[in-house]
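**Student:** quick one: sequence plus predicted model below, questions after.
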Amino acid sequence: MHWLDATNGLGAGAFWFSFEDIHSGGYIIDTLTGALLGTQAMALPLEQKLTLVTKKLREHPFRIVWDNFESASGIPGTEVSALLSGADRQLLKQFLAGLLGGQTKIIITSRAPEKWLTDQECYRLPLAGLQGEELWQYCDAVVSDLKLALDRQNEDYRALLDRLEGKPLAVRVILLRLTERPAKALLTELDENFQVRYGDQGRERIQATLAIFEKGLDRAFEPVLRLLWLNEHYADAGLISAMLKQTGETAPIAECFSALKSAGLCLAVGNNFHQIHPALRNLLIRPHQVRKEEQRAFVDMMDDLADAYAPKELHEQRLPITGLL
């Protein structure tokens, strides 16, 4: 989107929706109605708003992003559950169908194939991994902090990158293990994980790669990791510290977050807040089952936060996180 903006490719304007927090298809239509037709039009019946918004978008070249769209229908066998009902998904299908042949384009990003959308409603464009010189430059950037250098002629390195299919997250977490294990040993472990545990699907292969990274984490991080997977989207290191005190446990919190940040699995956004990569929670659920006392500490802390922020205005409630982004 930044590139489109810099090259005047956004047309009449752009809208970004993250489906991680959207529980209604009508929210999409209402937001577009308010922005394109004015707030007074939001009082109209849903079907009428849908018709008017569709007409406006067909006539003008807007760019709309539906990010993290896997949350709409969920991914079976993972932590991603469906946030939209069947009726809400049908509304989105109707919306997409109405835009066919118009000037507006919707870009959908998802970790799932979204088979409930037909080929007419959604043209699928698989994203390939990094290749050639681009891949090697990325690898050099990753290992530079480790004071390592990759030999491009080394067959073990080449085979290792070939197994990872150029996927940046997978490449990053595996290369971080080079300080502990040689490339040949990591290659063997990858092959075993791919064949025995996860099969050959792209998403499962990434999870298998992340599992190898998880095995290399300091076991002293265990209490932090158990509490971390209870959080969704964001985590506050200060709150996790308070939860650990309530349970009587200790752990190197800063070091744990530092390791996860190095692997690209979380991003510091200020004031102890960290944005969590969607793949992290699914990675932690299996090997880090939360204890009852930890779950109680988490619930108590969230209750206290809710009590503290409930009387505030909506913009003040959102400020602790959104104000940092």
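**Tutor:** The structure has been received and is ready for your questions. Numbers count the residues shown, from 1 in each chain.
**Student:** and the residue nearest the centre of this protein?
**Tutor:** Geometric centre of the chain, nearest residue: P278, 3.5 Å, by CA atoms, centre = their mean.
**Student:** I'd say it and F69 touch.
**Tutor:** No. Between P278 and F69 there is no contact under CB atoms under 8 Å: 11.6 Å. Where you see a C-beta, it was placed from the backbone N, CA and C, and this is true even at glycine.
**Student:** which residues in the stretch 51-200 of the chain form strands?
**Tutor:** Taking DSSP state E, counting those that start in this stretch to define them, one finds strands in the stretch 51-200 of the chain at 62-67, 105-108.
**Student:** using the three-state scheme, assign A251.
**Tutor:** At A251 the chain is in coil, as set by DSSP: H, G, I helix; E, B strand; the rest coil.
**Student:** need phi/psi at it.
**Tutor:** When quoted as degrees, to the nearest 10, the phi and psi of A251 stand at phi -170, psi 150.
**Student:** run a quick neighbour tally on it.
**Tutor:** For A251, the neighbour count with other CB atoms under 10 Å is 19.
**Student:** so what's it up against?
**Tutor:** Counting by CB atoms under 8 Å, 6 or more residues apart in numbering, A251 touches A220, F221, E222, P223, V224, L244.
**Student:** what's the helix or strand for the fifth one?
**Tutor:** It refers to V224. Assessed by DSSP states H and E, V224 sits inside helix 222-228.
**Student:** cool, the last one as well?
**Tutor:** Counting by DSSP H and E, the secondary-structure element that holds L244 is helix 237-247.
**Student:** which strands and helices sit next to that helix?
**Tutor:** Contacts defined by 3 or more CB pairs under 8 Å, 6 or more residues apart in numbering; DSSP states H and E place helix 237-247 against helix 222-228, helix 253-262, helix 292-309.
**Student:** what lies in contact with that helix?
**Tutor:** The contact list for helix 237-247 (CB under 8 Å, 6+ apart) reads 223-224, 227-228, 250-251, 253-254, 257, 272-274, 291, 293-294, 297-298, 300-301, 305.
**Student:** let's see it at 6 Å
**Tutor:** P223, L227, I253, F257, N272, E293, E294, A297, F298, M301 (CB atoms under 6 Å, 6 or more residues apart in numbering).
**Student:** give me phi/psi at N271?
**Tutor:** The phi/psi pair for N271 (degrees, to the nearest 10) is phi 50, psi 40.
**Student:** gap between it and S262?
**Tutor:** In this structure, N271 and S262 are 20 Å apart, going by CB to CB, to the nearest Å.
**Student:** between these two, point out the one with more neighbours.
**Tutor:** S262 (15 against 12).
**Student:** can you check the pLDDT for the more buried one?
**Tutor:** Per-residue pLDDT puts S262 at 87.
**Student:** nearest spatial neighbour of it, skipping sequence neighbours?
**Tutor:** The shortest distance from S262 to any non-neighbouring residue, by CB to CB, 6 or more residues apart in numbering, is to L176 (6.1 Å).
**Student:** report how many residues lie close to that neighbour.
**Tutor:** A count of nearby residues for L176, using other CB under 10 Å, gives 19.
**Student:** per-residue pLDDT of it, please?
**Tutor:** pLDDT recorded at L176 is 85.
**Student:** I figured I106 hits I64, correct?
**Tutor:** Yes. Contact status for I106 versus I64: in contact at 4.6 Å, counting by CB atoms under 6 Å.
**Student:** which sections of the stretch 151-300 of the chain are below the confidence cut-off?
**Tutor:** Confidence mapping of the stretch 151-300 of the chain against pLDDT under 70 gives the ranges 195-204, 286.
**Student:** next one: N154 from G166, what distance?
**Tutor:** In terms of CB to CB, N154 sits 17 Å off from G166.
**Student:** thanks again, I'm all set now.
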